[in-house]
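J.: here are the coordinates; sequence isn't available:
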């Protein structure tokens, strides 16, 4: 099943989309990768969804990626003695480590790492930013604050500290248990929440190794401050706009989104734009015009994928939401100005063999009017570098490893094919490329294709070979 578009769709599974029939319908409507949100559901729920995806994959013969999304640390106030309280502007309010239920004057905050990072003048946000406090005085176990923006506060509401780096690991004990479970299942990507610094990715990498790719979720202003380093150490990136929108002004989020996409293009890392893309479709069969424009903007900016969360996980119209996103992407990519926009955003290649080859691949495919650019890859590296160039011709990724094909399922323009026979030399690689191009419907006899790979064969990260081939009647290269 070949998609007639380049940008991909990630759909979150949940109560509204857990049956094998619903998962198949989501895939047929356009989902390329499925997200398992470990903030909700049991391990048994996630295993059932995982197994259904793998059965579907086997049935349709197309690699399908699975993203496990870890919850990360959740910072919340404690309990309140008499139910919700009203925080009044300019009033003082105390937060402390005392576990006793709170009242109108104070509330427990059982997070010493927050107090360790506070200083006078620090802002504290409560309940997704609905209320704002300013620290007047603080110590290792308390903070005396002034209410800047008041409101109704219920117990166990979230706390955000946007202006500081908290001394917290992105992996809680629960996350570590979930991660071990997801890796044993065979998830292809791990979405790492609460990333604040590059070292957070190193910590996760020490546990994950090469069992899955790491997608860093950018949801903290501190991560944006070290964006280049975080992108460089990640395998992929998610623009988690919901949490970003809590910790920074809303008008900053579109600018940050564009900044992150450009940073990922420079480094050659696939990027997902996520959160509230078609939010109204949780209850409506059609999106607002603003939401359609939001999805379109991300596609024009060159994102690799767009993601549905509640829309497909718990909404009333999960299949319609995927179909709508598919329709928007195809309409944008059919716009004559889309190609102009993508070309204008093209980043200069780095001084590496891989970038030199893939830059030449892009231009060669254009000059020869090739029907496909074909990347032979073991690790996925060649295909990701080819995708970075955003060539006009489709990217056909050939790999002997199903795990590699699944990991490429959200990369812009990549159509993955798993082959039973590994290439051992240039001739066998080109033969495999021609055969796959014909069988997958990208080319026919007499068409040109451009093939890239790495020598020595079977060694990851060695993209250094470019070959132009004409597909003959027999299916072998000429």
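T.: The structure has been received and is ready for your questions. No experiment lies behind these values; they were computed from the predicted model shown.
J.: residue 353 contacts residue 465, correct?
T.: No. In this structure, residue 353 is not within contact of residue 465 by CB atoms under 8 Å, at 9.5 Å. In this view, the C-beta of every residue, glycine as well, is placed from N, C-alpha and C.
J.: so between these two, which is more surrounded?
T.: A direct count of neighbours by other CB atoms under 10 Å for residue 353 and residue 465 places residue 465 higher, at 18 against 14.
J.: and that one, that's in a strand?
T.: Yes. Counting by DSSP: H, G, I helix; E, B strand; the rest coil, residue 465 is found in a strand.
J.: adjust the sequence numbering to begin at 645 for everything that follows.
T.: Noted, 645 is the first residue going forward, which turns the last one into residue 1109.
J.: correct me if wrong: it contacts residue 1098.
T.: Yes. In this structure residue 1109 lies within contact range of residue 1098 using CB under 8 Å: 6.4 Å.
J.: what residues are shared contacts of these two?
T.: Common contacts of residue 1109 and residue 1098 (CB atoms under 8 Å, 6 or more residues apart in numbering): none found.
J.: for the protein, what are the low-confidence residue spans?
T.: 645, 1105, 1118-1122 (pLDDT under 70).
J.: how does it divide into domains?
T.: When the chain is parsed with automatic domain parsing, its domains come out as 652-716+814-978, 729-804, 997-1114.
J.: adding distance to residue 985, write the ones you listed out as CSV.
T.: Output for these, formatted as CSV (distance: least, CB to CB, whole Å):
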stretch, distance to residue 985
domain 652-716+814-978, 5
domain 729-804, 33
domain 997-1114, 10
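J.: of those, which is nearest residue 990?
T.: With CB to CB, the closest approach to residue 990 among the domains of the chain belongs to domain 997-1114: 6.5 Å.
J.: burial measure for residue 1026, as a count.
T.: Neighbour count for residue 1026, taken as other CB under 10 Å: 30.
J.: cool, and residue 720?
T.: Residues near residue 720, counting by other CB under 10 Å, number 15.
J.: that one: what's it in contact with?
T.: Per CB under 8 Å, 6+ apart, neighbours of residue 720: 800-803.
J.: any idea how far it lies from residue 873?
T.: Residue 720 sits 29 Å away from residue 873, going by CB to CB, to the nearest Å.
J.: thinking again about what came up before, between the domains of the chain, which one is nearest to residue 646?
T.: Per CB to CB, nearest to residue 646 of the domains of the chain: domain 997-1114, 5.9 Å.
J.: how long is that closest one end to end?
T.: One end of domain 997-1114 to the other measures 25 Å (CA to CA, to the nearest Å).
J.: do the same with stretch 985-998
T.: End-to-end distance (CA to CA), stretch 985-998: 24 Å.
J.: cool, stretch 867-881 as well?
T.: Stretch 867-881: ends 11 Å apart by CA to CA.
J.: tell me how far it is from the chain's mean position?
T.: 13 Å (CA atoms, centre = their mean, to the nearest Å).
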